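Novice: Next input, structure requested:
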Amino acid sequence: MSSLNLPNLLSLSRVFLAPLVMVILTLRTQFGSFFGVPLGDLLAGLVFIGASLTDAADGYIARKRGIVTNLGKFIDPLADKILVTAALVSLVELQRLPAWIVMVIVAREFIVTGLRMVAAAEGVVIAASKGGKAKTVSQIVAICMMIFNLPGGLLAMWVAMILTVWSGMDYLVKGKDLLSK
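Specialist: Residues are numbered from 1 along each chain as shown. Presented below is the predicted three-dimensional model:
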């Protein structure tokens, strides 16, 4: 079985779309506007949404076709983190989002990834939790709202940050036995 199957290609596409989101969003003034909305915001938002949808598609296809690979297990969560971080950093650069919120979100990702590495070294797999999935959805919604500069975007990001911290704490509590060894 080849590692470069459709689900893995979809995951890899997120890695390559992340810098595109950044470039389009941060150079948005170079593109003009569409009904008063900067065209860069519109294009970056659409690319971000498209890239985010590949996350659901790759997992669904991999499970349905029975083509789960080690590359997929590695690249899928990494691609998610790269895409989200790229958008968040761009929003900080545009002064739409405080940097400390991004730091909280990124720190949680490092902590959970580290916990998963410790678990893997012990032969334990830590699957995505419902809280982790809720965190991901809330981040994507909040990021979209902020890219499109919609009212309530910062409030949505606060909700995403709270869910991010909550799910991170949940992973740590469930993994405390691994960490205490």
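Novice: Buried residues of the longest helix along the chain, list them for me.
Specialist: For the chain, the longest helix by residue count, based on DSSP state H, is helix 39-65. By neighbour count on 16 or more other CB atoms under 10 Å, the buried set for helix 39-65 is 39-45, 47-48, 51-52, 54-55, 58-59, 61-62. Where you see a C-beta, it was placed from the backbone N, CA and C, and this is true even at glycine.
Novice: go on, stretch 137-147?
Specialist: Within stretch 137-147, judged by 16+ other CB under 10 Å, the buried ones are 138, 139, 140, 141, 142, 143, 144, 145, 146, 147.
Novice: hey, C-alpha coordinates of that stretch in PDB?
Specialist: What follows is stretch 137-147, C-alpha atoms only, in PDB (Å, rounded to 0.1, in the frame of the first residue of the first chain):
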ATOM      1  CA  VAL A 137     -14.300  23.100  15.100                       C
ATOM      2  CA  SER A 138     -14.400  26.100  17.400                       C
ATOM      3  CA  GLN A 139     -11.000  27.200  16.200                       C
ATOM      4  CA  ILE A 140     -11.900  26.900  12.600                       C
ATOM      5  CA  VAL A 141     -15.200  28.800  13.100                       C
ATOM      6  CA  ALA A 142     -13.400  31.600  15.100                       C
ATOM      7  CA  ILE A 143     -10.600  31.900  12.600                       C
ATOM      8  CA  CYS A 144     -13.100  32.100   9.700                       C
ATOM      9  CA  MET A 145     -15.000  34.800  11.600                       C
ATOM     10  CA  MET A 146     -11.800  36.700  12.200                       C
ATOM     11  CA  ILE A 147     -10.500  36.300   8.600                       C
END
